[in-house]
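Q: Just to be clear, the model below is a prediction. Sequence and coordinates:
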Amino acid sequence: MATRKSSGSRKYGKAASKRVESAMRRRKKGTLKSGRSGRTVKSRKQAIAIGLSEARKKGAKVPRKPGGRKRSGARKRSSR
């Protein structure tokens, strides 16, 4: 049986999990709305993302979004 390595620090804080839990409940009730369009959220993944985003805004311990450099549409290629 494999044992889990406990590093001591958690990736997500307790406040973050509470926010996600709350978002999931609101999704089930049908009161969770997406940001820009204001449509009702039906996806579980979207509800989790909204919960984490709310937690991030409130200053809870949540890792940064995996977003990085934006590529330009026309990339230059080296001529051979």
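A: In hand now; what should we look at?
Q: Just list whatever residues bridge to residue 33.
A: residue 40 (DSSP bridges).
Q: State the number of residues packed around it.
A: 14 (other Cβ atoms under 10 Å). Yep, even glycine has a C-beta here, placed from its N, CA and C like the rest.
Q: Name all residues that make contact with residue 42.
A: residue 27 (Cβ atoms under 8 Å, 6 or more residues apart in numbering).
Q: again, 6 Å this time
A: Under the criterion of Cβ atoms under 6 Å, 6 or more residues apart in numbering, residue 42 has no neighbours.
Q: helix, strand or coil for it?
A: Following DSSP: H, G, I helix; E, B strand; the rest coil, we place residue 42 in the coil state.
Q: For the helix or strand of the chain with the lowest mean pLDDT, buried residues please.
A: Least confident helix or strand of the chain, by mean pLDDT, DSSP states H and E, is helix 44-58 with a mean of 92. Within helix 44-58, the residues that count as buried by 16 or more other Cβ atoms under 10 Å are 47, 49, 50, 51, 52, 53, 54, 55, 56.
Q: okay, those in TSV with distance to residue 65 next?
A: Below are the buried residues of helix 44-58 laid out as TSV (distance: Cβ to Cβ, whole Å):
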residue	distance to residue 65
47	16
49	9
50	13
51	14
52	9
53	9
54	13
55	12
56	8
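Q: from the residues you listed, which is closest to residue 9?
A: residue 55 (16.7 Å; Cβ to Cβ).
Q: Enumerate every residue touching the closest one.
A: So residue 55 contacts 15, 16, 19, 62 (Cβ under 6 Å, 6+ apart).
Q: Quick check: the gap between the residue nearest the centre of the chain and residue 41.
A: Against the mean C-alpha coordinate of the chain, by Cα atoms, centre = their mean, the closest residue is residue 49 at 3.5 Å. Distance check for residue 49 against residue 41: by Cβ to Cβ, to the nearest Å, it reads 9 Å.
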